[in-house]
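A.B. asks: below: sequence and its predicted model.
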Amino acid sequence: MKAHIADLPPAAALAWKAPQGSGLEKVCAGAGVRLRAVEEQDLGRTVAALCGLPGAGKGAEPVAAADPTPALVLWGLDRKALDAFLDGLKAAGVRIPLKAVVTPTNRDWTFAALLEELHAEHRAVQESAE
């Protein structure tokens with residue numbers, strides 16, 4: 001019996017409220033990362049579905065509007081490529097305060113739930129720095 005390995009989509013960056021003309025598009029293109037702008041109507045879709053991962057449902061839950069703080073969620077980059085990508089963002093002056101990678105845990109969360117978690121973590125870090 002042969003094992004079937006699903007073809008995985010290329011590396012992806014899910015951008016929430018990224019500033020226009022920030023250079024994000026150029027950094028993604030240079031790294032071979034497919035950029036997808038996440039819109040309000042996408043907030044109820046899972047992170048996996050937005051990345052185009054196999055086995056992800058296509059439906060969306062209705063959700064309320066999310067905090068407009070820019071966020072970037074990355075999938076499909078190994079550690080070395082991730083470090084190079086983040087260095088590219090910094091070199092290009094791209095400022096996105098919230099960043100995350102897709103994990104086995106958060107891949108099935110709605111994008112809204114992931115944003116909520118990122119905001120909670122960001123607030124906790126800010127409070128501990130005070």
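C.D. replies: Perfect, thanks for sending it.
A.B. asks: check which helices and strands the longest helix seen in the chain sits against.
C.D. replies: Longest helix in the chain, counting residues (DSSP state H): helix 111-129. Helix 111-129 is packed against strand 12-16, helix 47-51, strand 71-75, strand 98-101, with contacts defined by 3 or more CB pairs under 8 Å, 6 or more residues apart in numbering; DSSP states H and E. Placement of C-beta: from N, CA and C, glycine included.
A.B. asks: out of those, which is closest to Ala37?
C.D. replies: strand 12-16 (5.3 Å; CB to CB).
A.B. asks: list the contacts of the closest one.
C.D. replies: Residues from elsewhere that reach strand 12-16 (CB atoms under 8 Å, 6 or more residues apart in numbering): 24, 28, 33-38, 47, 50-52, 66, 70-76, 96, 98, 111, 115.
A.B. asks: tell me the strands beside that strand, with direction?
C.D. replies: When sheet partners are counted by DSSP bridges, strand 12-16 sits next to strand 34-38 (parallel), strand 71-75 (antiparallel).
A.B. asks: with adjacent residues omitted, what lies nearest to the spatially most central residue of the chain?
C.D. replies: In the chain, the residue lying closest to the centroid (CA atoms, centre = their mean) is Val73, at 1.5 Å. Sequence neighbours aside, Leu14 is the residue nearest to Val73 in space, at 4.2 Å (criterion: CB to CB, 6 or more residues apart in numbering).
A.B. asks: tally of neighbours for that neighbour?
C.D. replies: Residue neighbour count, defined by other CB atoms under 10 Å, stands at 23 for Leu14.
A.B. asks: now it: how far from Ala129?
C.D. replies: In this structure, Leu14 and Ala129 are 27 Å apart, going by CB to CB, to the nearest Å.
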